[in-house]
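**Student:** What would the 3D arrangement of this be:
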Amino acid sequence: MIELVFDHEEMVATPAALRIQELQERVQRMQGTPATHALDTHTVFAGLLAMRTGSTYGVDSASLAMALMAGPSQAGAWAAVVGSRDFGIEAAAAAGVDLSRTILVPDPGDQWVEVTAALLDVLTVVVVKPAKQVSEGTAARLRARLRQRGATLIAWGEWPRCEARLSVVESSWMGVGRGHGHLAARRCTVAVQRGNAPARMREMWLPDESLRIRAIEPAVAAAPVTALRVG
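**Tutor:** Numbers count the residues shown, from 1 in each chain. Just a heads-up that it's a prediction; the model follows:
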């Protein structure tokens with residue numbers, strides 16, 4: 001994991017030289033990159049959502065941001081998280097995010113838009129938690145950059161004109177008894193909304209007892225037992 005400390009007009013990487021050459025090579029390869037192409041998407045979203053570059057996806061929680069990051073990250077993509085001081089790196093790693101290819105900018109200050117735009121120039125996936133309400137103009141400028149660079153934006157919070165919005169509509173924690181125990185797993189119902197179409201729902205663990213993100217399979221009803229008369 002690389003953490004960028006934003007100080008006035010400079011971004012300093014710690015450690016500074018970590019994988020810089022790889023990022024530079026990515027910039028050079030971006031010429032001729034298609035405006036949009038399919039991204040590896042976590043299996044928990046199979047049949048529900050297929051991520052593409054050039055798009056913005058809205059989420060209402062860190063868990064959903066990690067779930068969307070995990071697919072591209074496992075496939076070798078670089079990612080970044082901008083504007084979150086308490087992003088759980090251990091939870092992200094358990095969800096499948098490759099921390100060695102993840103950049104954190106916890107406090108970009110008032111320049112969060114500029115920092116986000118700069119990272120979209122060189123990375124595949126950028127998660128941003130806006131410091132304030134996002135205007136239509138700001139969102140439009142970043143959308144144009146996404147298409148130009150072949151990147152994907154995950155907006156943690158309100159964001160105009162997302163390709164899809166993901167939200168946790170029901171949630172319950174497992175593992176806590178009457179005044180004892182510890183939180184072991186979180187069972188959620190997640191809604192995926194595209195435009196004005198009805199939201200599509202899926203139950204999933206965010207995470208399960210092994211800290212993995214996975215879908216909850218529907219219960220299979222037992223077949224009725226038919227009595228046989230003998231004789």
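**Student:** what's the span of stretch 70-85 from first residue to last?
**Tutor:** 20 Å (CA to CA, to the nearest Å).
**Student:** Which residue ranges of this protein form helices?
**Tutor:** Counting by DSSP state H, one finds helices in the chain at the ranges 20-29, 62-74, 89-95, 112-120, 136-149.
**Student:** okay, those helices in CSV with mean neighbour count next?
**Tutor:** Glycine gets a C-beta too; all of them are placed from N, C-alpha and C. Below are these laid out as CSV (neighbours: other CB atoms under 10 Å):
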stretch, mean neighbour count
helix 20-29, 11
helix 62-74, 25
helix 89-95, 18
helix 112-120, 20
helix 136-149, 16
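**Student:** Out of these, which is closest to T56?
**Tutor:** When the helices of the chain are compared by CB to CB, helix 136-149 sits nearest T56, at 6.4 Å.
**Student:** Run the angle between the closest one and helix 112-120 for me.
**Tutor:** Helix 136-149 and helix 112-120 are oriented at 10 degrees to each other (axes from the mean of the first three to the mean of the last three CA atoms, to 10 degrees).
**Student:** before we move on, back to that, for R202, which of the helices of the chain is the nearest?
**Tutor:** Nearest of these (CB to CB): helix 62-74, 11.2 Å.
**Student:** other SSEs contacting that closest one?
**Tutor:** strand 56-59, strand 79-82, helix 89-95, strand 125-128, strand 152-156, strand 164-176, strand 181-193 (3 or more CB pairs under 8 Å, 6 or more residues apart in numbering; DSSP states H and E).
**Student:** can you redo the ones you listed as TSV with mean pLDDT and distance to W205?
**Tutor:** Shown next, in TSV, are those (pLDDT from 0 to 100; distance: least, CB to CB, whole Å):
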stretch	mean pLDDT	distance to W205
strand 56-59	98	17
strand 79-82	97	22
helix 89-95	93	11
strand 125-128	98	21
strand 152-156	98	20
strand 164-176	89	9
strand 181-193	84	6
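**Student:** Many thanks, I have nothing further to ask.
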